[in-house]
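Visitor: the following comprises the amino acid sequence and a computationally predicted model.
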2 protein chains.
Amino acid sequence: MATDDLMTRALETLGDDAPLTVEAIHSLTDAAVVPESMTIAEVADLLDISAHTLRYYERAGLVEVARDDYGHRVYDAEAVRRLVFLTRMRLSGMPMRDLQHYIALVDAGQETVPERLDMLLEHRDTIRRRIRELTLSLAATEYKIATYGGSTGPDVQDL
Amino acid sequence: MATDDLMTRALETLGDDAPLTVEAIHSLTDAAVVPESMTIAEVADLLDISAHTLRYYERAGLVEVARDDYGHRVYDAEAVRRLVFLTRMRLSGMPMRDLQHYIALVDAGQETVPERLDMLLEHRDTIRRRIRELTLSLAATEYKIATYGGSTGPDVQDL
DNA sequence: GTTTGCGTTCGAGCGCGCTCGAAGCCATAG
DNA sequence: CTATGGCTTCGAGCGCGCTCGAACGCAAAC
């Protein structure tokens, strides 16, 4: 099951031009994720990342995962929630370095909340800028497509 | 001069919520770039990439550049236009591999136009999807920011 | 005439984020 | 009883896109 990852499902849930309200996001955030504990394969499937990557994240200090009697990883709900957050941040371009710092702050306690908020605000701005860049690139690409082979404008050269 | 790269200047030219019409893009495309020929330093400055990267692109077969009597690179208008295109594609996430293929098609002549168009269409879709992903991530980040430290919803945990 | 500065070629190295292979443990299926 | 399959650890390797250093050439400035 779960041939699509969280992001894909989320994009399908909200139509392409949905308002993306706080409520809509809220509904995504805790949808589907219920289990008390999960295996590495289940989490990998849920997040559409490899078990290798999950182990790598753990090695990198991003999440702690308990073991069962056989030494196998047991992901509890908190670990899964954290990994959902982490993969979302990764997908939106936050570097591992920053995530490690962020998680260190989380583990350091409540007094780091302001700094964490700062990181999120900065990341928000980064995403916004990236969206603007991509929007511009999209327009340029569409312009090129529209004028390709025609005789409109200076972009007609062989590119 | 030119402390800002093309993208930054473009983003400033068009307001954040400009319509991004074909005309607006057109005006960006050939703005500023006039010189008959440019040095590597000038092109690097124009595109906000390093001279190292420009040489790398040339080595990669993305562009041919003539030399002057001293063996120094002389970028003619066509090379510069191509590099503008290439950097725009790189910035919007097209892999080097694909650009090499695209350029090979360009150099192969007019009969490759359909395939080139296919590549552009596919890239357009890639950008669109990426924008949707980022928009969702942005909303999730804003949601997290908005609810941070508050007692609203399930995301209040220490993340 | 030497210093400064900008260019050249070539090949190696790096940062990032995985990705993989080897060797081994355990449990269930046939 | 022996496969098969999924998990474990550990460390190495990889693909991408640069990025850099070394050794050198040439020219205009001092």
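Guide: That came through fine. Since this is a predicted model, take the numbers as computed values, not measurements.
Visitor: just give me the neighbour total for residue A:122.
Guide: Residues contacting residue A:122 under the criterion other Cβ atoms under 10 Å in any protein chain shown number 12. Bear in mind the C-beta positions are built from the backbone N, C-alpha and C, glycine included.
Visitor: wait, residue A:95
Guide: Neighbour count for residue A:95, taken as other Cβ under 10 Å: 10.
Visitor: do residue A:41 as well
Guide: The burial count for residue A:41: 11, using other Cβ under 10 Å.
Visitor: also the one 5 residues further on?
Guide: Here the number of neighbours of residue A:46 (other Cβ under 10 Å) works out to 21.
Visitor: residue A:119 too?
Guide: By the other Cβ under 10 Å criterion, the neighbourhood of residue A:119 contains 18 residues.
Visitor: what strand or helix carries the residue lying closest to it once chain neighbours are set aside?
Guide: Closest residue in space to residue A:119, ignoring its immediate chain neighbours: residue A:102 at 5.6 Å, by Cβ to Cβ, 6 or more residues apart in numbering or on different chains. Under the criterion DSSP states H and E, the helix or strand holding residue A:102 is helix A:96-108.
Visitor: which helix or strand lies directly C-terminal to that helix?
Guide: Beyond helix A:96-108 in the direction of the C-terminus, DSSP H and E gives the next helix or strand as helix A:113-147.
Visitor: what's that next one packed up against?
Guide: Other elements packing on helix A:113-147 under the criterion 3 or more Cβ pairs under 8 Å, 6 or more residues apart in numbering or on different chains; DSSP states H and E are helix A:96-108, helix B:6-13, helix B:22-29, helix B:77-91, helix B:113-147.
Visitor: tell me if stretch A:52-64 is near DNA strand D.
Guide: Yes. Using Cβ under 7 Å from any atom of the strand, stretch A:52-64 comes into contact with DNA strand D via residue A:55.
Visitor: what about that stretch, near DNA strand C?
Guide: Yes. Stretch A:52-64 lies within reach of DNA strand C by Cβ under 7 Å from any atom of the strand, at A:52-53, A:55-56.
Visitor: re the thing from before, what's near enough to touch the residue nearest to residue A:119?
Guide: Taking Cβ atoms under 8 Å, 6 or more residues apart in numbering or on different chains as the definition of contact, the neighbours of residue A:102 are A:89, A:116, A:119.
Visitor: isn't the last one right up against residue A:98?
Guide: Yes. Contact criterion Cβ atoms under 8 Å: residue A:119 and residue A:98 qualify, at 6.8 Å.
Visitor: number of residues surrounding the spatially closest residue to residue A:49 that is not a sequence neighbour?
Guide: Counting by Cβ to Cβ, 6+ apart, the nearest residue to residue A:49 once its immediate chain neighbours are dropped is residue A:87, at 6.3 Å. Neighbour count for residue A:87, taken as other Cβ under 10 Å: 21.
Visitor: how far away is residue A:87 from DNA strand C?
Guide: The gap separating residue A:87 from DNA strand C is 8 Å, by Cβ to the nearest atom of the strand, to the nearest Å.
Visitor: name the residues that touch stretch A:85-96?
Guide: Taking Cβ under 8 Å, 6+ apart as the criterion, the residues outside stretch A:85-96 that touch it are A:6-7, A:47, A:49, A:57, A:60, A:62-63, A:99, A:102-103, A:123, A:126-127, A:130, B:133-134, B:137-138, B:140-141, B:144, B:159.
Visitor: just the buried residues out of the residues you listed, in PyMOL syntax.
Guide: To isolate the buried ones among the contacts of stretch A:85-96 in PyMOL, judged by 16 or more other Cβ atoms under 10 Å in any protein chain shown, type:
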select buried, (chain A and resi 6+7+47+49+57+62+63+99+102+103+123+126+127+130) or (chain B and resi 133+134+137+138+140+141+144+159)
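Visitor: near DNA strand D, which residues of chain A?
Guide: Neighbours of DNA strand D within chain A, by Cβ under 7 Å from any atom of the strand: A:39-41, A:51, A:55, A:67, A:71-73.
Visitor: what confidence value was assigned to the residue lying closest to residue A:50 once chain neighbours are set aside?
Guide: The shortest distance from residue A:50 to any residue that is not its chain neighbour, by Cβ to Cβ, 6+ apart, is 5.9 Å, and that residue is residue A:44. At residue A:44 the predicted local distance difference test score is 96.
Visitor: could I get the contacting residues of residue A:40?
Guide: With contacts defined as Cβ under 8 Å, 6+ apart, the neighbours of residue A:40 are A:51, A:54-55, A:72-73, A:75.
Visitor: show me those residues that map onto strands.
Guide: Applying DSSP state E to those, the entries found in strands are A:73, A:75.
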